[in-house]
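Student: Based on what follows, work out the 3D shape:
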Amino acid sequence: GEKTDLLTDILLSTANSPSRKKLDSAFAAKDWLNYTIYVHGLKGALRNIGAENLGLKAYDLETAGKKGDEKFILSHSEEFVTEFDRFAAKITELAEQYSNKNRTTGDLSELLPEIGKISAAAEDMDYSLCSRLLREVTKNSYGNDIDNLLADIAAAVNDFDFDLAGDISEALLEKSGKPF
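Tutor: Below is the predicted model:
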């Protein structure tokens with residue numbers, strides 16, 4: 001039902017969080033300020049879905065970042081990232097199994113105007129409208145490439161990264177005239 005779809009969207013938004021991808025870059029650059037910001041975002045997302053153990057590990061890394069404890073971050077980040085990635089892969093696998101049972105093939109010509117609306121809502125930083133539109137369009141499947149882009153847009157919106165959500169939406173619109 002609709003509540004199950006919403007829960008699936010929330011789980012996938014956590015699994016595909018742009019903060020996770022940015023965490024690697026910040027770690028590699030030893031940019032502990034941004035590392036702390038990204039791990040803070042992951043902590044909140046993990047706790048929101050009830051993943052307390054991973055949320056606690058993120059909290060410990062966030063605290064270390066706030067204290068400037070580089071040694072702790074260097075010795076614990078890899079374990080956290082590995083566990084998060086394993087958790088995210090399992091969520092994604094289960095969500096795909098669920099969604100494949102319940103989704104019909106969508107018409108790209110009907111999707112594109114909705115992507116335009118999502119792009120405009122992202123430009124307006126309208127979380128509620130972006131989320132509602134994404135819930136509607138993700139009821140259907142448009143093929144792996146487009147479905148993955150929609151998941152990336154949803155993850156960006158969930159992280160309140162409206163610039164990224166808009167950029168992905170615009171890229172999808174530009175690519176729509178070309179084969180995926």
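
Student: From now on I want contacts and neighbour counts done on CA atoms only, so please keep to that.
Tutor: Noted.

Student: Quick one, grab the pLDDT at the residue nearest the centre of the chain.
Tutor: Taking Cα atoms, centre = their mean, the centroid of the chain lies closest to residue 155, which sits 2.4 Å from it. Model confidence at residue 155, given as pLDDT, is 88.

Student: same question, the one 5 residues further on
Tutor: Looking at residue 160, its pLDDT reads 88.

Student: mind listing the strands for the chain?
Tutor: Residue ranges of the strands in the chain, as given by DSSP state E, are 104-105, 140-141.

Student: Which of these comes out lowest on mean pLDDT?
Tutor: Among the strands of the chain, strand 104-105 scores lowest, at a mean of 77.

Student: where does this structure dip in pLDDT?
Tutor: Counting by pLDDT under 70, the ranges of the chain that qualify are 1-5, 98-103, 177-180.

Student: pull the longest helix from it.
Tutor: If you go by DSSP state H, the chain has its longest helix at helix 70-102.

Student: buried ones in that one?
Tutor: 73, 77, 80, 81, 84, 88, 91, 92, 95, 99 (16 or more other Cα atoms under 10 Å).

Student: likewise stretch 135-154?
Tutor: 135, 137-142, 149-154.

Student: I'd like those laid out as a markdown table, including distance to residue 117.
Tutor: Listed next are these as a markdown table, based on distance: Cα to Cα, whole Å:
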| residue | distance to residue 117 |
| --- | --- |
| 135 | 13 |
| 137 | 11 |
| 138 | 14 |
| 139 | 16 |
| 140 | 17 |
| 141 | 18 |
| 142 | 17 |
| 149 | 15 |
| 150 | 13 |
| 151 | 16 |
| 152 | 16 |
| 153 | 13 |
| 154 | 14 |
